[in-house]
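[1] Got a predicted model here, sequence first, then my questions.
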Amino acid sequence: MSFRTDPHSGLGFSRRRVGQWNAFSIIRDAVKLSFRSPLPSIQFSLVLPYTIFVYCMYFHYSNVSISSDGNVSQLYQPDQVQASSVSSLLRALFLQITLSLISSSVVTGAVLYAAGSIYQGKNLTFFEIIKLVPRLWRRLFVTTLVYLMPVLLISSLIGVTSGVLMSFISSPNPPFPVILAILALSVVSMVILFIVAITYSVANCVVCFEEEYGVAAFTRARKVLHSKWGSAVCLFILLTVAEILLTTVGSSAYGFEGSLFNGFEWKWVLRTSLYAIFRSYIVGFEYISWGLFYFSCMADSVEDSNQSLKESADSRD
């Protein structure tokens, strides 16, 4: 599916209006789009199970304790020590991370392609979208691996510099020039991480709507972003703040972390189910928002090209 030359928007908007979307209008229209078929079906059949799987995996491993003799046990079951080796833990963790990346690729492809079909005015059903996902998830998986390489490198650098910084600060006579240099390096690393995350969000759209994937998708995404960096930064901040607020308020209000392994309670099941549904909606909403952002960039670039051609023709006349 290519959107480079699509002359109209199935959302009922002109290409000029789509090209003028900002972060706030993208979020507004993403809310409306998320309730249009087949996105609700994808939401409950793919996004919700994926969200539950990821968060159960997170809460499971966040309660892991590794003893000095190399045994692994669960902190939430102090009376029932489940000892296992670190190697077994790492193998299970690797398998589950791989499954989460694959399922993430499937969810990303399904949501973005469904949003793209609505944008193009096509009435694709849920099953038609699912048939197209196998072609997309492998490319999305490769693109995600490319994204993880700089993320892991930069995150490791930030961790090392933070450790060095704390050791200098705790010393009796901290060298302030060195501390400032480490702080500057940390800030630069975080800015680079910020830019890479935005580029990755657009690269996923490139994979779904164009032919590039992997490194080529990131190269194409930078070109797509060239005139929309302000809107991209604003959109990223809004979505990140919404996710942080939801995670903080939801986990504290529903006791999602602390009560996960404290016994069966219907009230808790109801609360956490509502939280998981709402959290999965935010996950799907983020994909839809970046899909609309991509369409806005493409519409804007076409308008610029048409304007340039018109000005060129006028100058020849």
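    Structure's in. What do you need?
[2] And the strands in this structure?
    For the chain, the strands defined by DSSP state E cover 64-66, 71-74, 84-85.
[3] can you tell me the average pLDDT over the last one?
    I take that to be strand 84-85. What strand 84-85 shows for mean pLDDT is 54.
[4] now stretch 207-220
    92.
[5] from the middle of its chain, how far away would that stretch be?
    16 Å (C-alpha atoms, centre = their mean, to the nearest Å).
[6] before we move on, what about stretch 181-198?
    Worked out by C-alpha atoms, centre = their mean, stretch 181-198 lies 18 Å from the chain centre.
[7] buried sites along it?
    Ile182, Leu185, Ser186, Ser189, Ile192, Leu193, Ile195, Val196, Ile198 (16 or more other C-beta atoms under 10 Å). Where you see a C-beta, it was placed from the backbone N, CA and C, and this is true even at glycine.
[8] could those go into TSV alongside distance to Thr247 and pLDDT?
    TSV is the format used below for these (distance: C-beta to C-beta, whole Å; pLDDT from 0 to 100):
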residue	distance to Thr247	pLDDT
Ile182	29	77
Leu185	28	82
Ser186	23	81
Ser189	23	86
Ile192	24	91
Leu193	19	91
Ile195	23	93
Val196	22	94
Ile198	20	95
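[9] Could you export those as JSON lines, including distance to Leu93?
    Below are these laid out as JSON lines (distance: C-beta to C-beta, whole Å):
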{"residue": "Ile182", "distance to Leu93": "31"}
{"residue": "Leu185", "distance to Leu93": "30"}
{"residue": "Ser186", "distance to Leu93": "27"}
{"residue": "Ser189", "distance to Leu93": "25"}
{"residue": "Ile192", "distance to Leu93": "27"}
{"residue": "Leu193", "distance to Leu93": "23"}
{"residue": "Ile195", "distance to Leu93": "29"}
{"residue": "Val196", "distance to Leu93": "24"}
{"residue": "Ile198", "distance to Leu93": "28"}
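[10] Among the residues you listed, which lie within helices?
    Those of those mapping onto helices are Ile182, Leu185, Ser186, Ser189, Ile192, Leu193, Ile195, Val196, Ile198, per DSSP state H.
[11] Looking at these, which is nearest Phe24?
    Ile198 (17.0 Å; C-beta to C-beta).
[12] any idea how far that closest one is from Val164?
    28 Å (C-beta to C-beta, to the nearest Å).
[13] Also Leu152?
    On the measure of C-beta to C-beta, Leu152 and Val164 end up 19 Å apart.
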